[in-house]
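A.B. asks: dropping the sequence and predicted coords here.
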Amino acid sequence: MDTTVLSATDLALAGLAAIAAGVVNAIAGGGTRVTFPSLTALGMPAVAANVTNTIALAPGHLGATLAQRRELGGQRARVTRLVPAALLGGLVGGLLLLFTTEKVFRHLVPLLILLASALLAVQEPLRRWLLQRLGAHEAPSGSSTAARTREGLAVLPVFAASVYGGYFGAGLSVIVLAALGLVVEDSLTRLNATKQAIGFAANAAAAVLFLFSGRVHWPAAAVMLVAAVAGGWLGGRLAGRIRPSTLRAVVVAVGVVVGVLYLVRG
């Protein structure tokens with residue numbers, strides 16, 4: 001277990017960050033940009049903060065997948081083809097993180113945060129582009145040999161995206177949705193469900209690996225897990241009152257500021 005000493009006040013602050021992350025994830029996505037910097041600000045080493053954050057927020061990915069299980073109907077062949085690549089990618093990414101030294105990872109952190117913020121910034125333009133591209137495909141694309149061949153091309157980018165997801169995670173859904181949209185012809189609603197299953201698989205593989213890594217700060221993880229679930233419920237209640245685009249812009253701005261501060265402070 002990570003031996004960083006966090007006071008009751010520190011744990012309360014971590015819980016508040018997780019509530020905020022749950023709200024952000026429920027409405028616009030990007031909650032990791034809230035929780036990860038919060039943990040490092042409380043004095044937790046960067047690798048341990050990333051590992052603890054993954055464990056704490058993993059149930060949210062499961063919840064998102066279960067929420068879209070109806071849209072996953074009829075996609076068994078596609079999911080069976082892509083989820084193993086996501087599991088393997090998440091495992092590889094998690095292993096890479098555990099074999100990355102604290103010094104190297106701290107140098108990578110600002111770049112990872114800025115990349116994740118950029119991915120969140122392009123999420124809405126990407127969604128509009130996919131809606132335009134996939135607008136004509138409101139029904140399942142069929143099971144022709146050509147369609148299966150095109151979908152097979154998604155295995156490699158899904159694996160690569162899942163390696164990133166297992167290593168850091170923030171922005172994974174944007175990369176996966178872009179990869180699916182380029183090679184799979186189906187409705188955006190169904191691709192979103194596929195994306196959730198892939199994201200859950202990648203994060204779950206890394207989370208299971210991290211359970212036995214000795215890097216998890218369990219008190220913080222336990223507090224944040226409960227708080228993130230509460231935040232997700234609160235975000236669901238507030239979803240109709242807060243514009244996702246506004247919240248997304250705030251999260252992107254915060255991510256850019258945090259990334260630049262990490263760069264400046266080294």
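C.D. replies: That came in fine, so what should we check first? Numbering: from 1, shown residues only.
A.B. asks: contacting residues for the nearest residue to Trp218 once chain neighbours are set aside?
C.D. replies: What sits nearest to Trp218 in space, not counting adjacent residues and going by Cβ to Cβ, 6 or more residues apart in numbering, is Met1, at 5.5 Å. (Glycine included, C-beta is placed from N, CA and C.) When contacts are counted by Cβ atoms under 8 Å, 6 or more residues apart in numbering, Met1 touches Gly214, Val216, His217, Trp218.
A.B. asks: just those residues: which are in helices?
C.D. replies: Trp218 (DSSP state H).
A.B. asks: which of the contacts of Met1 sits closest to Leu180?
C.D. replies: Leu180 lies nearest to Val216 out of these, by Cβ to Cβ, at 31.2 Å.
A.B. asks: from memory the closest one sits against Val51, does it?
C.D. replies: Yes: assessed by Cβ atoms under 8 Å, Val216 is found in contact with Val51 at 5.6 Å.
A.B. asks: between those two, which one's more packed in?
C.D. replies: Looking at Val216 and Val51 with other Cβ atoms under 10 Å, you find the greater number of neighbours at Val51, namely 28 against 22.
A.B. asks: tell me the contacts of that one?
C.D. replies: Contacts of Val51 by Cβ under 8 Å, 6+ apart are Asp2, Leu97, Leu98, Phe210, Ser213, Arg215, Val216.
A.B. asks: restricted to buried residues, select those residues in PyMOL.
C.D. replies: Entered in PyMOL, the line below selects the buried ones among the contacts of Val51, by 16 or more other Cβ atoms under 10 Å:
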select buried, resi 2+97+98+210+213+215+216
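A.B. asks: now the contacts of Val51 in JSON lines, with distance to Val104 and pLDDT?
C.D. replies: Shown next, in JSON lines, are the contacts of Val51 (distance: Cβ to Cβ, whole Å; pLDDT from 0 to 100):
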{"residue": "Asp2", "distance to Val104": "18", "pLDDT": "80"}
{"residue": "Leu97", "distance to Val104": "10", "pLDDT": "96"}
{"residue": "Leu98", "distance to Val104": "12", "pLDDT": "95"}
{"residue": "Phe210", "distance to Val104": "18", "pLDDT": "96"}
{"residue": "Ser213", "distance to Val104": "17", "pLDDT": "93"}
{"residue": "Arg215", "distance to Val104": "15", "pLDDT": "93"}
{"residue": "Val216", "distance to Val104": "20", "pLDDT": "95"}
